[in-house]
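# fold the stuff below for me.
(chains A and B)
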There are 2 protein chains.
Amino acid sequence: MPELRKDPVIGRWVIIATERARRPGVFLDSQKNIFDDGPCSFCDNQDKEVFSVRPYSGASWRVRVVESGTSLLSGKDKFLHKAHGLYDVVNDYGTHEVVIETPEHIANMADLSQEQIRMVFETYAVRYNELEKNNIFQYVIAYKNYGYAAGSRRIGHSRSQIIATPVIPFSAKEKLAGAKKYFVYHERCLYCDMIQQEMQAKIRIVAESEHFLAITPFAPRFVFETWVLPKKHNCDFSKGVVGYENDLAGLMKVVLGKIKVGLDDPAYNYVIHSAPFRRSRGEKDPGTKWKTLTEDYHWHIEVLPRLTRVAGFEKGSGFYISSIPPENAAEFLREVKV
Amino acid sequence: MPELRKDPVIGRWVIIATERARRPGVFLDSQKNIFDDGPCSFCDNQDKEVFSVRPYSGASWRVRVVESGTSLLSGKDKFLHKAHGLYDVVNDYGTHEVVIETPEHIANMADLSQEQIRMVFETYAVRYNELEKNNIFQYVIAYKNYGYAAGSRRIGHSRSQIIATPVIPFSAKEKLAGAKKYFVYHERCLYCDMIQQEMQAKIRIVAESEHFLAITPFAPRFVFETWVLPKKHNCDFSKGVVGYENDLAGLMKVVLGKIKVGLDDPAYNYVIHSAPFRRSRGEKDPGTKWKTLTEDYHWHIEVLPRLTRVAGFEKGSGFYISSIPPENAAEFLREVKV
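Residues are numbered from 1 along each chain as shown, chains lettered A, B, ... in the order given. So this is what the prediction gives:
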């Protein structure tokens, strides 16, 4: 049975996929690039449907959510959190869903219509709200791995993934902790302040819509890393996006299009960062005077082009190196016509 | 001038190498693997020598430390820490040194003699102690990028790198914070407790020497990730390694040899994790009752084979996935004969 295990030093949860355990020798094969060579398993998908967008009952789907065929988490067993001496373990309670973003065989979300992208973001929101009903889940993360260097094993059909877990992934934990520290000190949202500063400075703006701002962050990990921030404060993606889905879809199409055209269709990840569920459930925030803290975090999307092997260097030196300043990256992307 | 910039959310410092700034198009070339095709620039190295190990005065060197020809940090300017609105910037004060580990053209440290590896670790300690004399430096990190997937641009000659900075890299910060939290609660070192538990459980031991233990961690990020831990507590590498250099070299040769032979000579990183200098300088540890806290951290070495593209998946989902349990990885490595 797969397990979630927590690193005892820094508190990072990792998934130990014991059921997929392979002989060590097999790892060397997994290095090879896997391209779609057979028929596309997303064009005519037979996996169990969880949700779909259809213009009318009985019509064929426009966006379809299915249980992952290579699920990392099953959720079939009872939730169990236990100790192994000083270590923490949780069994594999969770869900892993695949969002097939279009019935057409189109690889890059940048090439979908704005309407189609809008339906994808609406679909994420529906799934967040549905998964929130399970009180064991603390966190849902929607993300995309596009291209081999971004962790995708098969290319060719635009899709993304949704994972729900009873623990908070480390990438969210460290952001939540940092944003809260700023809020406790300033009693203002760090992201709201950042948006204000970036809109004045203008030098890191990639694109802008009525309700969203796309910037290259001041201290990026990846060259051409881009953050898409809603101008209106909300800690939760599924609540904050309501009414702005079409505006967001338009800006995402512009940002992903600029990355595709300007950088020769690179691999990329995007990740939606949202607050854990406990907040919207009205639980008391421990250690603060706020009963239900919703002001300290600000949902947003990170787009991470994977052009360089920075991760290799980072694991060694502990430092990410950006060999192009984010101001130059923003200027370059601003000028790419899409 | 290059800059160190701090991410305002999570506090991660990144190096913005503005002087190496390239046109965006050039990035696509940097994706290509670069092999040694000309004469080796380490066999007959002409870079400025910082330190060397020589059996007698005037003899040729056995280990040689030089200023990096492609330095990330120069240290030529005055140290300056300033704000840009809510952002933090430090100019590029720091050093970046290359340790040429052998005069012979040998690629993998696993193939060096134990004596040669011992001299490399002795060299690190000499440089740590020397760099500590500069009161602006808060942290020194010694690390190795072996092979392309680990971030090395040229292969063929065994070497490693030393970076000294006026800030603490995020990979160290998060470990220091976690270990301290455990210490403040238990008044015991987390790593000492972990060593005790691992020596009893035995299932994650890769190899062991009189003074060091090599284990696969309970919640690894990378398949076959291995930690080399000194059994005797010390927060500082350069102090803790004294007297045990030869024992450590023997165990490192075994661990790197098992990884090379068992996993088909994969790319790997290793990183020495040590406490920041402020401790050994006797500065008061803020927010605790301990005047000079040395008990809460435990120096160690992380060896990170780079067999899978986990980093891609991790950036998307927020979770590292280990498709082989560390207990199986340890068993496999234990059985590899070197």
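# what sits against the residue most central in space within chain A?
The residue lying closest to the centre of chain A (C-alpha atoms, centre = their mean) is residue A:271, at 1.8 Å. With contacts taken as C-beta atoms under 8 Å, 6 or more residues apart in numbering or on different chains, residue A:271 has the following neighbours: A:141, A:142, A:143, A:144, A:171, A:301, A:302, A:304, B:315, B:316, B:318. All C-beta atoms are positioned from the backbone trio N, CA, C, and that covers glycine.
# and it, its phi and psi?
When read as degrees, to the nearest 10, the backbone of residue A:271 gives phi -140, psi 130.
# list the beta-bridge partners for it.
Residues in a beta bridge with residue A:271, per DSSP bridges, are residue A:143, residue A:302.
# relative to residue B:317, how far out is it?
Separation of residue A:271 from residue B:317 (C-beta to C-beta, to the nearest Å): 8 Å.
# shared neighbours of the two, anything?
What both residue A:271 and residue B:317 touch, as defined by C-beta under 8 Å, 6+ apart, is the set A:141, A:143.
# what does whichever strand or helix holds residue A:82 contact?
Per DSSP states H and E: residue A:82 is located in strand A:81-84. With contact meaning C-beta under 8 Å, 6+ apart, strand A:81-84 is reached by A:88, A:89, A:90, A:166, B:218.
# show me which pair in those is furthest apart.
A:166 and B:218 (18.5 Å; C-beta to C-beta).
# between those two, point out the one with more neighbours.
Higher neighbour count among residue A:166 and residue B:218: residue B:218, with 26 against 22, using other C-beta atoms under 10 Å in any protein chain shown.
# which SS class is that one?
coil (DSSP: H, G, I helix; E, B strand; the rest coil).
# can you give me the helices in chain A?
A:26-29, A:114-131, A:170-186, A:190-201, A:237-240, A:245-262, A:277-280, A:310-317, A:326-335 (DSSP state H).
# okay, now the nearest residue to residue A:90 once chain neighbours are set aside: neighbour count?
Of all residues not flanking residue A:90 in the chain, residue A:4 sits nearest, at 4.2 Å (C-beta to C-beta, 6 or more residues apart in numbering or on different chains). For residue A:4, the neighbour count with other C-beta under 10 Å is 24.
# how much space between residue A:4 and residue A:89?
Distance of residue A:4 to residue A:89, given as C-beta to C-beta: 7 Å.
# before we move on, what about residue A:137?
18 Å.
# between those two, which one's more packed in?
Shown here are residue A:137 and residue A:89; by other C-beta under 10 Å, residue A:137 has more neighbours (21 against 16).
# what's the spacing between the more buried one and residue A:239?
When residue A:137 is compared with residue A:239 (using C-beta to C-beta), they lie 16 Å apart.
# and residue A:104, how many neighbours?
Neighbours around residue A:104, by other C-beta under 10 Å: 12.
# tell me the contacts of it?
Counted by C-beta under 8 Å, 6+ apart, residue A:104 has zero contacts.
# low-confidence ranges, the stretch 1-150 of chain A, go.
For the stretch 1-150 of chain A, the stretches flagged by pLDDT under 70 are A:1, A:18-37, A:71, A:75-77.
# hey, where'd the strands end up in it?
A:3-6, A:13-16, A:49-53, A:63-67, A:81-84, A:87-91, A:95-100, A:139-146 (DSSP state E, counting those that start in this stretch).
# quick check: mean pLDDT across stretch A:321-338?
Mean per-residue pLDDT for stretch A:321-338: 92.
# near chain B at all, it?
Yes: using C-beta under 8 Å from any C-beta of the partner chain, stretch A:321-338 comes into contact with chain B via A:321, A:322, A:323, A:324, A:325, A:326, A:328, A:329, A:332.
# end to end, how far does that stretch reach?
Start and end residues of stretch A:321-338 are separated by 29 Å (C-alpha to C-alpha, to the nearest Å).
# now swap in stretch A:54-74 and tell me
27 Å.
# in that stretch, what counts as buried?
Neighbour counts over stretch A:54-74 (16 or more other C-beta atoms under 10 Å in any protein chain shown) mark A:61, A:62, A:63, A:64, A:65, A:66, A:68, A:71, A:72, A:73, A:74 as buried.
# again with stretch A:262-278
Applying 16+ other C-beta under 10 Å to stretch A:262-278 flags A:262-263, A:266-278 as buried.
# from residue B:184, how far out is the residue sitting furthest away from the middle of chain A?
Here chain A reaches farthest from its C-alpha mean at residue A:85, the gap being 32.9 Å by C-alpha atoms, centre = their mean. Applying C-beta to C-beta, the value for residue A:85 to residue B:184 is 19 Å.
# same check, this time on residue A:147
In terms of C-beta to C-beta, residue A:147 sits 44 Å off from residue B:184.
# residue A:321 too?
For residue A:321 relative to residue B:184 (C-beta to C-beta), the value is 33 Å.
# give me the more crowded residue out of residue A:147 and residue B:184.
Higher neighbour count among residue A:147 and residue B:184: residue A:147, with 20 against 14, using other C-beta under 10 Å.
# ok, the residue nearest to residue A:55 when sequence neighbours are not counted - contacts?
Nearest non-adjacent residue to residue A:55, counting by C-beta to C-beta, 6+ apart: residue A:62, 6.8 Å away. Counting by C-beta under 8 Å, 6+ apart, residue A:62 makes contact with A:52, A:53, A:54, A:55, A:102, A:103, A:116, A:119.
# with residue A:142 instead?
A:99, A:124, A:127, A:128, A:160, A:161, A:162, A:237, A:271, A:272.
# can you check residue A:326 too?
Neighbours of residue A:326 in contact, by C-beta under 8 Å, 6+ apart: A:204, A:216, A:217, A:218, A:219, A:220, A:225, B:16.
# excluding its backbone neighbours, what's nearest it?
Residue A:326 sits nearest to residue A:216 (C-beta to C-beta, 6+ apart), 3.7 Å away.
# same question for residue A:254.
residue A:207 (4.8 Å).
# does that neighbour really touch residue A:258, like I thought?
Yes: shown here, residue A:207 and residue A:258 form a contact pair, counting by C-beta atoms under 8 Å, at 7.1 Å.
# which residues do the two both contact?
What both residue A:207 and residue A:258 touch, as defined by C-beta under 8 Å, 6+ apart, is the set residue A:333.
# returning to that earlier point: and the residue nearest to residue A:254, how many residues sit next to it?
Using other C-beta under 10 Å: residue A:207 sits among 23 other residues.
# and residue A:8, by the same measure?
22.
# list the residues that contact it.
Neighbour list for residue A:8: A:86, A:87, A:88, B:178, B:182, B:190, B:194, B:218, B:219 [criterion: C-beta under 8 Å, 6+ apart].
# state the distance from the third one to residue B:225.
To tie it back to what came earlier, the one meant is residue A:88. Residue A:88 sits 18 Å away from residue B:225, going by C-beta to C-beta.
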